[in-house]
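Visitor: Pasting a predicted model and its sequence here:
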Amino acid sequence: MRFNPKARLDRSRVRDVGGSGGGMGGGSGMRLPIPGGIGGKGGIGGLILIIVLVIITQCTGVDLLGGGGTSGSAAYSPARLGDAKDSGRYDHCETGEDANEDPQNCGRVAIENSLTNYWDTELGSDFRPEEALITFTGSVSTACGGADSSVGPFYCPADETIYYDTTFFDQVLEQQLGGPDGGFVEYYVLAHEYGHHISNLLGFMGKVRTQETGPTSPGVRLELQADCYAGLWAHHATETEDEAGEVLLLDLSQEDIDLALEAASTVGDDYIQRKTQGQVTEESWTHGSSAQRKHWFMVGYEEGSLDECDTFAASEDEVLGEG
């Protein structure tokens with residue numbers, strides 16, 4: 001992948017809060033499970049527990065995702081993202097050339113810009129960008145509760161923000177799970193988490209109303225939809241532009257797509273279960289198998305159509321990649 005040196009980067013939604021625990025929101029209030037993670041032991045389990053809170057919220061009108069607690073501190077809100085102490089990690093990221101020279105940091109900004117431009121074009125009036133992309137080290141406080149590196153990258157619908165520990169890719173994905181290392185691996189993950197934001201905007205996240213697990217469960221359908229949305233963005237990535245109309249990405253190679261597929265395989269439920277417990281239990285799946293995740297990324301990438309990513313309308317065979 002190469003970024004256009006002439007493109008200008010918008011850093012307004014990307015910030016790093018370092019290792020301070022985030023310095024944001026919630027105080028010592030109630031900690032809630034984290035939904036929508038890409039993988040890892042925390043991200044896998046968090047989605048199912050959060051479903052219970054969603055059901056209670058819908059039935060009672062109480063916003064249990066607001067991060068309030070028993071300590072008397074104010075509930076965390078998107079407006080308070082400005083309270084986060086920015087480490088200045090992205091201050092030097094101004095152009096596509098900066099992204100080429102520093103793909104880990106400035107490339108992250110460029111991909112966020114590309115995702116925002118694509119989904120704005122695709123959804124029109126139904127779109128609003130994520131509130132922020134927050135990177136951290138160690139732990140962070142969010143509207144969905146506290147999280148650490150074991151959770152893995154995740155999207156919190158309560159503050160419409162994407163969070164992840166910058167050490168995840170080396171320490172968890174590569175070293176613990178034996179996954180791939182490379183620039184597009186992280187970009188696939190970011191596109192997946194942005195996909196959760198799109199599912200939230202389009203109302204699909206609200207379809208996950210039970211604690212059901214398994215290869216065709218609602219929670220798995222939500223995760224596979226995020227993979228499909230990631231592939232859909234990849235299909236159109238070289239068409240995305242900055243605010244002045246300059247193309248952001250000059251090319252996307254087959255090697256990039258192969259890295260995305262390898263990463264998708266590494267965070268499949270069956271792969272993680274074999275790696276961590278030595279056996280596969282399909283009935284407990286919350287994210288889908290390696291084959292499912294690769295299949296749905298490719299559905300988005302090859303079809304290039306939003307309608308093709310409606311995993312909730314898909315038959316069980318189609319969800320499994322057999323239809």
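Guide: Nice, I can see it.

Visitor: Dump stretch 3-19 to PDB, keeping only the CA atoms.
Guide: These are the backbone C-alpha positions of stretch 3-19, laid out as PDB (Å, rounded to 0.1, in the frame of the first residue of the first chain):
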ATOM      1  CA  PHE A   3      -0.300   6.800   0.300                       C
ATOM      2  CA  ASN A   4      -0.500   9.800  -1.900                       C
ATOM      3  CA  PRO A   5       2.200  12.300  -0.800                       C
ATOM      4  CA  LYS A   6       0.000  15.200  -1.800                       C
ATOM      5  CA  ALA A   7      -2.900  14.200   0.400                       C
ATOM      6  CA  ARG A   8      -3.600  16.200   3.600                       C
ATOM      7  CA  LEU A   9      -4.400  14.300   6.800                       C
ATOM      8  CA  ASP A  10      -7.200  15.300   9.200                       C
ATOM      9  CA  ARG A  11      -6.000  14.500  12.800                       C
ATOM     10  CA  SER A  12      -9.200  15.800  14.500                       C
ATOM     11  CA  ARG A  13     -10.600  12.400  15.400                       C
ATOM     12  CA  VAL A  14      -7.400  10.500  16.200                       C
ATOM     13  CA  ARG A  15      -5.700  10.800  19.500                       C
ATOM     14  CA  ASP A  16      -3.400   8.900  21.800                       C
ATOM     15  CA  VAL A  17      -3.800   8.900  25.600                       C
ATOM     16  CA  GLY A  18      -0.500   7.000  26.300                       C
ATOM     17  CA  GLY A  19      -0.300   4.700  29.300                       C
END
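
Visitor: List the buried residues for that stretch?
Guide: Neighbour counts using 16 or more other CB atoms under 10 Å place 3-4, 7, 9-11, 13-18 of stretch 3-19 among the buried residues. (Each C-beta comes from the backbone N, C-alpha and C, glycine too.)

Visitor: need the residues you listed in JSON lines with secondary structure, pLDDT and distance to residue 204, can you?
Guide: Converted to JSON lines, the buried residues of stretch 3-19 look like this (DSSP: H, G, I helix; E, B strand; the rest coil; pLDDT from 0 to 100; distance: CB to CB, whole Å):
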{"residue": "3", "secondary structure": "strand", "pLDDT": "98", "distance to residue 204": "31"}
{"residue": "4", "secondary structure": "coil", "pLDDT": "98", "distance to residue 204": "32"}
{"residue": "7", "secondary structure": "coil", "pLDDT": "98", "distance to residue 204": "31"}
{"residue": "9", "secondary structure": "coil", "pLDDT": "98", "distance to residue 204": "30"}
{"residue": "10", "secondary structure": "coil", "pLDDT": "98", "distance to residue 204": "27"}
{"residue": "11", "secondary structure": "coil", "pLDDT": "96", "distance to residue 204": "29"}
{"residue": "13", "secondary structure": "coil", "pLDDT": "96", "distance to residue 204": "22"}
{"residue": "14", "secondary structure": "strand", "pLDDT": "96", "distance to residue 204": "25"}
{"residue": "15", "secondary structure": "strand", "pLDDT": "93", "distance to residue 204": "27"}
{"residue": "16", "secondary structure": "strand", "pLDDT": "93", "distance to residue 204": "30"}
{"residue": "17", "secondary structure": "coil", "pLDDT": "90", "distance to residue 204": "29"}
{"residue": "18", "secondary structure": "coil", "pLDDT": "81", "distance to residue 204": "33"}
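
Visitor: In TSV, list those residues along with distance to residue 130.
Guide: Converted to TSV, the buried residues of stretch 3-19 look like this (distance: CB to CB, whole Å):
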residue	distance to residue 130
3	20
4	23
7	20
9	16
10	13
11	14
13	7
14	10
15	12
16	15
17	16
18	20
